[in-house]
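Visitor: Predicted model and sequence follow; I will ask about them next.
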Amino acid sequence: MVFCRAIAALTVASSACQYQAFAFIPKSTSANIPRFASRSTSSPLRASALEELSKQTVLSIDSGDFDVIESFAKTNLITDATTNPLFVSQAGSRGDKRYEALVEEAVTYAKTETCNLEGCDNVEDTIDLAIDRLSVNLGVEIAKLVKGKVSTEVDIRLSYDTEKSVERARRIIAMYEELGLDRKRILIKLAGTWEGIQAAAILEKEGIECNITLVFSFLQAAAAAQAGAYLISPFPGRILDWHKAKTGKTSFTPESDPGVLAVKRMYAYFRKYGYKTICMPASWRPSRGADVEGADVDEILALVGVDEMTIPPGLLEKLSGMDGSVVETKCNAESDAAACTDPDFKLTQESFEQYWKTDGCGMDKLKEGIDAFTAETEKLSKIIIEKF
């Protein structure tokens, strides 16, 4: 009975799920490079919301656009960057000469490493290597623009294969190091499946830091922390989408937003039990509805003080034009830890899978995220094939 109560406590509110559409990266033009000029205050001495937010939460930019990343990095408010299969796929198809050069180098590298005069022994392996190399090339260039960490994702199609995920992660890190980038600058992104989390447990012991992504439930967060993952990326916006779809409710106050509550719960659990895992929410939605002015940053402002956030350029620019007075601390390590009522029940694969089956939001959104990123990876494979 104690076992049941402990697990039940772990999974209560795990159905709080998040969903956000995968952001499209437009081609760089002068029109979409941020200008940071539309402050809603007449006083030049007043800090913007972005400046005030950066004082309480480490900020990462969620983009693969070099020009946009550079513009925000120059403000010294953004330290890290995250990439995903969509960004890599877009890099392969943009037509920009800078990105084209990265693609060409990746293809040449893969062919040199796996093929000979008679051809390639296994074309699929060659394509996979080219994809990894392109991800690394993209990451190296981004690392020149930001001073912190860059997240690079292991092939999403391996999300349910621990051994292969570990192999690919090691290969990615080896390529980064061959190109002169220290592994401490890189976070390996792995999907929040049980297998992905166990891959992280292996890699962390080797000094390879991991970002567990596509996190939609407390269960995933607890498993990642217990595995020693460096960081998790919960998606409050997609949690909100799931609840809206299931309940028919079209708006929430930011404080009652299911995605916000889910992230705060994860953060509180980490701090109460001394886990070093960083909580970095990503994927944002307007709590009060898209038709409400300023609501697009509701979830961000409701999580001020959380360890880190990764934010797309459009919302960063929105925050740069808002007055800093809107930023108030919402996450506090000491008080949130004190309020946490979750037990630190140690998960096994059996218990994780048993209670995962009861987590509708987690199951729905994880599948949706993996499927979407798989589609982007398949698109990239076709682009790579055309380059052979």
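Guide: That came through fine. In this text the structure is predicted, and so the values were computed from the model without any measurement.

Visitor: The nearest residue to Gln198 once chain neighbours are set aside - how many residues pack around it?
Guide: With sequence-adjacent residues excluded and distances taken as C-beta to C-beta, 6 or more residues apart in numbering, Gln198 is closest to Thr162, at 4.8 Å. The C-beta positions use only the backbone N, C-alpha and C, and glycine is treated the same way. When neighbours are defined as other C-beta atoms under 10 Å, Thr162 has 20 of them.

Visitor: Which SSE is immediately downstream of the helix or strand where Arg238 lies?
Guide: If you go by DSSP states H and E, Arg238 is part of helix 236-247. Proceeding N to C from helix 236-247, the next assigned helix or strand is helix 258-272, under DSSP H and E.

Visitor: With only the CA atoms kept, save that following helix in CSV.
Guide: C-alpha atoms of helix 258-272 as CSV (Å, rounded to 0.1, in the frame of the first residue of the first chain):
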residue,chain,number,x,y,z
PRO,A,258,-1.3,23.4,-16.4
GLY,A,259,2.1,23.7,-18.2
VAL,A,260,3.3,26.3,-15.7
LEU,A,261,2.2,24.2,-12.8
ALA,A,262,3.9,21.1,-14.2
VAL,A,263,7.3,22.9,-14.6
LYS,A,264,7.0,24.4,-11.1
ARG,A,265,6.4,21.0,-9.7
MET,A,266,9.5,19.6,-11.4
TYR,A,267,11.6,22.5,-10.3
ALA,A,268,10.4,22.1,-6.7
TYR,A,269,11.2,18.4,-6.7
PHE,A,270,14.7,18.9,-7.9
ARG,A,271,15.4,21.6,-5.3
LYS,A,272,13.8,19.7,-2.4
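
Visitor: and the angle for that helix with helix 236-247?
Guide: With axes from the mean of the first three to the mean of the last three C-alpha atoms, to 10 degrees applied, the angle from helix 258-272 to helix 236-247 works out at 130 degrees.

Visitor: Now the element after helix 258-272, going C-ward?
Guide: strand 278-279.

Visitor: Leu214 falls within a strand, correct?
Guide: Yes - assessed with DSSP: H, G, I helix; E, B strand; the rest coil, Leu214 lies in a strand.

Visitor: so how many other residues sit close to the residue lying closest to it once chain neighbours are set aside?
Guide: Leaving aside its sequence neighbours, Leu214 sits nearest to Gly369 (C-beta to C-beta, 6+ apart; 4.2 Å). A count of neighbours around Gly369, defined by other C-beta under 10 Å, yields 26.

Visitor: And Gly369, how close does it get to Ala375?
Guide: 11 Å (C-beta to C-beta, to the nearest Å).

Visitor: Please enumerate the helices of the stretch 101-250 of the chain.
Guide: 123-143, 162-178, 194-204, 218-226, 236-247 (DSSP state H, counting those that start in this stretch).

Visitor: If you count contacts, what does the last one end up packed against?
Guide: Other helices and strands packing on helix 236-247, by 3 or more C-beta pairs under 8 Å, 6 or more residues apart in numbering; DSSP states H and E, are helix 258-272, helix 298-301, helix 360-387.

Visitor: As CSV, these with distance to Lys97 would be great.
Guide: Compiled in CSV, these are given as follows (distance: least, C-beta to C-beta, whole Å):
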stretch, distance to Lys97
helix 258-272, 39
helix 298-301, 35
helix 360-387, 15
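
Visitor: Make TSV out of those helices and add distance to Gln220 and mean pLDDT.
Guide: Output for the helices and strands packed on helix 236-247, formatted as TSV (distance: least, C-beta to C-beta, whole Å; pLDDT from 0 to 100):
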stretch	distance to Gln220	mean pLDDT
helix 258-272	9	98
helix 298-301	18	98
helix 360-387	6	94
